[in-house]
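In: Using only what follows, build the 3D model:
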Amino acid sequence: MSGILKPIRLARFMRANNIDLLIDNRARLNAFKTFFYEAMFFKKTRVKIIHSYNLSSYLFQSKFLNHIFFRRYDKIVCVSKAIENKITLTTGLSNVTFINNFVPKIHVDKAKTLAYDFPFILFFGRFDNMSK
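Out: Down below sits the predicted model:
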């Protein structure tokens, strides 16, 4: 999918399916792409997830760019208190918090079916050697 068409298609999908929350797990940021995504989704509730103490994978080197792009996010969620402290100190952003991994292992019997009577998000990600 073309880089310029991806946020447009994503915006159409979100509008068609009445999705009101955008969880941003992007790493390897590019200022142009980030500007384009911000222009498309600035009215949505947005949460940025940061999985690594290596902030250069998730944030810009420039404090100014971080302030411009991420101050309007509803939350920037980190996976540890140390990452939260580092982001707060290096960027000056105040919308930073952390959530520890709350389930160390999940054992699911293959014969059982999990059923929920509410909408939920199922996320599959990948480990990127540069960000982990």
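In: tell me which helix or strand of the chain sits lowest on mean pLDDT?
Out: helix 31-41 (a mean of 81; mean pLDDT, DSSP states H and E).
In: what's the spacing between that one and its chain's center?
Out: 14 Å (Cα atoms, centre = their mean, to the nearest Å).
In: list the buried ones in the next helix or strand after it?
Out: Along the chain past helix 31-41, the next helix or strand (assigned with DSSP states H and E) turns out to be strand 45-50. For strand 45-50, the neighbour count (16 or more other Cβ atoms under 10 Å) marks 46-50 as buried. For glycine as for every other residue, the C-beta is placed from the backbone atoms N, C-alpha and C.
In: Could you export these as a markdown table, including distance to Gln61 and pLDDT?
Out: Converted to a markdown table, the buried residues of strand 45-50 look like this (distance: Cβ to Cβ, whole Å; pLDDT from 0 to 100):
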| residue | distance to Gln61 | pLDDT |
| --- | --- | --- |
| Arg46 | 21 | 90 |
| Val47 | 22 | 92 |
| Lys48 | 17 | 93 |
| Ile49 | 20 | 92 |
| Ile50 | 15 | 92 |
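In: picking that back up, please export the C-alpha coordinates of the least confident helix or strand of the chain as CSV.
Out: Extracted as CSV, the C-alpha positions of helix 31-41 are listed here (Å, rounded to 0.1, in the frame of the first residue of the first chain):
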residue,chain,number,x,y,z
ALA,A,31,8.3,13.8,10.4
PHE,A,32,6.5,14.0,7.1
LYS,A,33,4.5,10.8,7.7
THR,A,34,3.8,11.8,11.3
PHE,A,35,2.5,15.2,10.1
PHE,A,36,0.3,13.5,7.5
TYR,A,37,-1.1,11.1,10.1
GLU,A,38,-1.7,13.9,12.6
ALA,A,39,-3.6,15.9,9.9
MET,A,40,-5.8,12.9,9.3
PHE,A,41,-6.5,11.9,12.9
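In: Contacts for that helix next, please.
Out: For helix 31-41, the external contacting residues (Cβ atoms under 8 Å, 6 or more residues apart in numbering) are 3-4, 7-8, 10-11, 14, 22, 24, 60, 65, 69.
In: With stretch 58-68 instead?
Out: Residues contacting stretch 58-68 (Cβ under 8 Å, 6+ apart): 26-27, 29, 31, 48, 50-52, 69-70, 87, 90-93, 131.
In: Okay then, goodbye and thanks.
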